[in-house]
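**Student:** Sharing a sequence plus its predicted fold:
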Amino acid sequence: MRLGRVFDDRTRKAVTSTVYKRTRDVKGAIFRTLLQVALLVALLVLAVLLVDTVLDGWSVLDGRLGDFLAGGLRSQSGDPELGVFQGIRGSLWIAVFVIVLAFPLGIGAAIYLEEYAPRSRLTSFIELNIRNLAGVPSVVYGLLGLAIFVRGLEDITGGKSVTAAGITLAVLVLPIVIITSSEAIRAVPGALREAGYGAGATKWEVIRTQILPYAAPGILTGTLLSLSRAIGEAAPLILVGAVTGFLGGQSGLLDVTQLQERFTAMPIVITRWVQQSGRDGGFATAAAAAIVVMLVVVLLLNSAAIFLRNHFEKKR
Amino acid sequence: MTDLALGLGGRRAPSVAAALRRGPPLSALAVVAGLAMVLASAFMPWAVRADSGRTANAFEANLPWLVGGTDLAQQSPGSFANGWILIAVVVIAAAIGYPLLAGRRMVALPLGTIGAISSLYIYFTAYRFDNQFSKIENLAVDMGSGWWLALVGSLLVVAGGVLARLGAHSYGGSAVVGGAVTIEALSGSRDRRDRESAVRTVMLVAALASILVSALIILALVRDAFTFMLNIDWASTWTTGWFPRRGFYDVKTLIVSTGLVVGVSTLIATPVGLGAAVYLSEYAKPVTRRWLKPTLEILAGIPSVVFGFFALQWISPNIIRNIDIWFGQDARLGNLAAAGVGVGFLSVPLMASISEDAMKAVPNSLREASAGLGSRKVTTTLRIVLPAAVSGLVAAFIVTTSRAVGETMVVFIAGGGGDTAVYTHNVFDGSLTMTAAMASLASGTDSVVGEGLTFESLYFVGLMLFLLTLGMNLIADRVVRRFQNKY
């Protein structure tokens, strides 16, 4: 170490530490740790939430899952026929409405906005309007459903029915479908369009044969996410008049006549049971089990969407 | 080639731009307006009995064989096979017919359908009056205003079809001007062009549906909220609590507890969300990122009901009550603090994802310049990246806050409010926020009924909530636009 002869100790230490990057970056380390703590808190909450819910509902899930899936709303938590069948049925029909109404409308609107729309005041108004609709609280959509679909169109929807609820939730997720589909279509490389036009295809032919297939994974991701959102959404359903107490009638899963009848849905069943848990502790267990049933569906949809997107992002 | 020959001596063809600009709008508008009129007519009297003056609208006309009902006297208005099925037939026929057959059988299809349906309507409206097949001939029935509106509407649909047909022809036939090949000669068959304009129209209608939704939201909110505001004794909106079924609508109770919940949630969502975003954007290695980001997205996908359950069953007993004991109080299981913490964790992924996008938009050259001048990572992050992304971060904050204001289920389940709430500014008390008040008004009893303006108060609170969140979202939108154009 020739350095030691020329410089004094302090200088030598400073130089070597700089060269070998051995500075103690205390501030940096603290900052980094803080960030990691923030992230850890978020992940920990997710873990505690999942574990706690599964543990709470375990006695039902382990003991009588079959009966629980086939049973209905009951006033006593000890009732052996207590279950979520009616909730599953309602949520299923809501999903059907979302798929039939919101998906084609949303994808169509996205195609118009990305491919056809001229740069006009109307276009920018539609775009602003969609962004704002996405930010409207879900409970306000419930008011829309109550005023228009339940009361205004009572003759068509049958009042507080699963039809009214399904239309309401389809309207609720419409902006999400439009926004995600728009993003997917915008990500299609311009060269693909130009090649299509160059080969003599019309606009619609280019969209149908080039743009939609390329954007399909992105669009699918968006639609899956919005479907999972619709299945988990409860606030609008309360406003639209989902049944929280006893629900009579034993129509099957796919019985069309129930479309105009009173209904309930998974998130509503959960809400009801959580509220009753103060009076009858067994309902907390039932609610936790119902949450697990719903989360399985919702998280499967979400994971499928995320996986799809990551998979295709990597490929391109 | 035939086009080229035919076109010799033809008139001047329009330019490419003019041809593209021409589009289909007028015919499409006519079809849409016509369909709207047919739909609207369903709510008006379709038939008027000459002798008694009784009216029947489209819903009161039954179609027995559609449901297979034979005992006609038992068919009640409002049953599944009501006349709206017929209305739906017109709409669907036109909707399918327009894009597929635009300019072709376009004209014939709606005309035929509508003609048939009009007569069916009259027939079965009359039929409803007496429930007797044999009496129809003797019954004098006049056409009501709904029938006339439907007729005008159907004619408009037909006119739209004709217009579309004319549009397809208007500049056909002239292919060559002065020996030059024009756009017509190159623009392919008429069918392709017709389909093109039809598809465009359908997509435009889909895009316009979003405006219809907004209009309906405003209509629904404003109508009943106005009834409330015109008839309310304003003194009852500033009392000691929210007792909607007894006529006490204390607005400040709702606003203060909303503020408390949003305050608590912001205290959680901002540091946790921002911290996670900074780590993901600036520190995390690609491998770590690939796992962490989807996990955060899973958190984002968990429905709010689940957070409500979690807030009530876990956060409240394990966290809030322990904190509350320090203050020498004993909180109930449901309280605003627990709801606020639940909403906070619900908002973390939103805050994180928007903030991360904002930081990702900061160009790498800034980071490299900073590192090149010898700054450490922490300095680069705090002094360069965060200030450069500040408008995006502000937008993230506003959007997250707006989401927290509108969050319903967590507060409804864990906020500790019943049907009513007394004014409180203690975060460990239970109370009702604006959203929770709406939810409990709508559940509670079977239908929203009560003293005088109880039902309308729902819409009044809804309007306040809508305007509040709309304002915040518009501001956030403005801020985001600005930062997007910055680099």
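**Tutor:** Done, it's in.

**Student:** touching chain B at all, stretch A:37-53?
**Tutor:** Yes: Stretch A:37-53 comes into contact with chain B (Cβ under 8 Å from any Cβ of the partner chain), by way of A:Val37, A:Ala38, A:Leu39, A:Val41, A:Ala42, A:Leu43, A:Val45, A:Leu46, A:Val48, A:Leu49, A:Asp52, A:Thr53. C-betas here are computed from N, CA, C, even on glycine.

**Student:** tell me the contacts of A:Leu144?
**Tutor:** Taking Cβ atoms under 8 Å, 6 or more residues apart in numbering or on different chains as the criterion, A:Leu144 is in contact with A:Thr168, A:Val171, B:Val213, B:Leu216, B:Ile217, B:Ala220, B:Leu221.

**Student:** what helix or strand is it on?
**Tutor:** helix A:138-144 (DSSP states H and E).

**Student:** what helix or strand is the nearest residue to B:Ala209 once chain neighbours are set aside on?
**Tutor:** Leaving aside its sequence neighbours, B:Ala209 sits nearest to A:Leu105 (Cβ to Cβ, 6 or more residues apart in numbering or on different chains; 5.4 Å). A:Leu105 belongs to helix A:103-111 when assigned by DSSP H and E.

**Student:** Please apply the same query to B:Gly342.
**Tutor:** Going by DSSP H and E, B:Gly342 is in helix B:336-360.

**Student:** quick revisit: ok now the helix holding A:Leu144, how far from the chain's centre?
**Tutor:** Taking Cα atoms, centre = their mean, to the nearest Å, the mean C-alpha location of helix A:138-144 is offset from the chain mean by 17 Å.

**Student:** And the helices in the stretch 101-250 of chain B?
**Tutor:** B:108-130, B:145-169, B:183-186, B:190-231 (DSSP state H, counting those that start in this stretch).

**Student:** Quick check, the residue nearest to B:Ala209 in contact with B:Ala206.
**Tutor:** Yes: with contact defined as Cβ atoms under 8 Å, A:Leu105 reaches B:Ala206; the gap is 4.9 Å.

**Student:** gap between stretch A:65-75 and the chain center?
**Tutor:** 26 Å.

**Student:** what about that stretch and chain B, touching?
**Tutor:** No: using Cβ under 8 Å from any Cβ, stretch A:65-75 stays clear of chain B, coming no nearer than 14.0 Å.

**Student:** tell me which residues in that stretch are buried?
**Tutor:** A:Phe68, A:Gly71, A:Gly72, A:Leu73 (16 or more other Cβ atoms under 10 Å in any protein chain shown).

**Student:** Over to stretch A:309-316?
**Tutor:** Buried residues in stretch A:309-316 (16+ other Cβ under 10 Å): A:Arg309, A:Phe312.

**Student:** same thing with stretch A:300-310?
**Tutor:** A:Leu301, A:Asn302, A:Ser303, A:Ala305, A:Ile306, A:Leu308, A:Arg309.

**Student:** what's the burial count for B:Asn318?
**Tutor:** 12 (other Cβ atoms under 10 Å in any protein chain shown).

**Student:** And what about it, helix, strand or coil?
**Tutor:** On the three-state scheme (DSSP: H, G, I helix; E, B strand; the rest coil), B:Asn318 is labelled helix.

**Student:** about what we covered before: looking at the helix holding A:Leu144 now, give me its mean pLDDT.
**Tutor:** For helix A:138-144, the mean pLDDT works out to 93.

**Student:** how about the CA coordinates for that helix, as CSV?
**Tutor:** Output in CSV follows, covering the C-alpha atoms of helix A:138-144 (Å, rounded to 0.1, in the frame of the first residue of the first chain):
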residue,chain,number,x,y,z
SER,A,138,-70.7,2.6,-7.5
VAL,A,139,-73.5,3.5,-5.1
VAL,A,140,-74.5,6.3,-7.5
TYR,A,141,-75.0,3.7,-10.2
GLY,A,142,-77.3,2.0,-7.7
LEU,A,143,-79.4,5.2,-7.6
LEU,A,144,-79.5,5.2,-11.4
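
**Student:** do you know how far the residue nearest to A:Val96 when sequence neighbours are not counted is from B:Val205?
**Tutor:** Distances taken as Cβ to Cβ, 6+ apart place A:Gly166 nearest to A:Val96, at 6.9 Å, with adjacent residues excluded. As for A:Gly166, its distance to B:Val205 is 21 Å (criterion: Cβ to Cβ, to the nearest Å).

**Student:** With neighbour numbers in mind, choose between the two.
**Tutor:** A direct count of neighbours by other Cβ under 10 Å for A:Gly166 and B:Val205 places A:Gly166 higher, at 29 against 20.

**Student:** pLDDT score for the more buried one?
**Tutor:** For A:Gly166, pLDDT reads 93.

**Student:** where's it, which helix or strand?
**Tutor:** Short version, using DSSP H and E: A:Gly166 is in helix A:162-186.

**Student:** nearest spatial neighbour of the most centrally placed residue in chain A, skipping sequence neighbours?
**Tutor:** With distances taken as Cα atoms, centre = their mean, chain A has A:Arg229 as the residue nearest its mean C-alpha position (3.0 Å). Once flanking residues are discounted, A:Arg229 sits nearest to A:Val173: 5.8 Å by Cβ to Cβ, 6+ apart.
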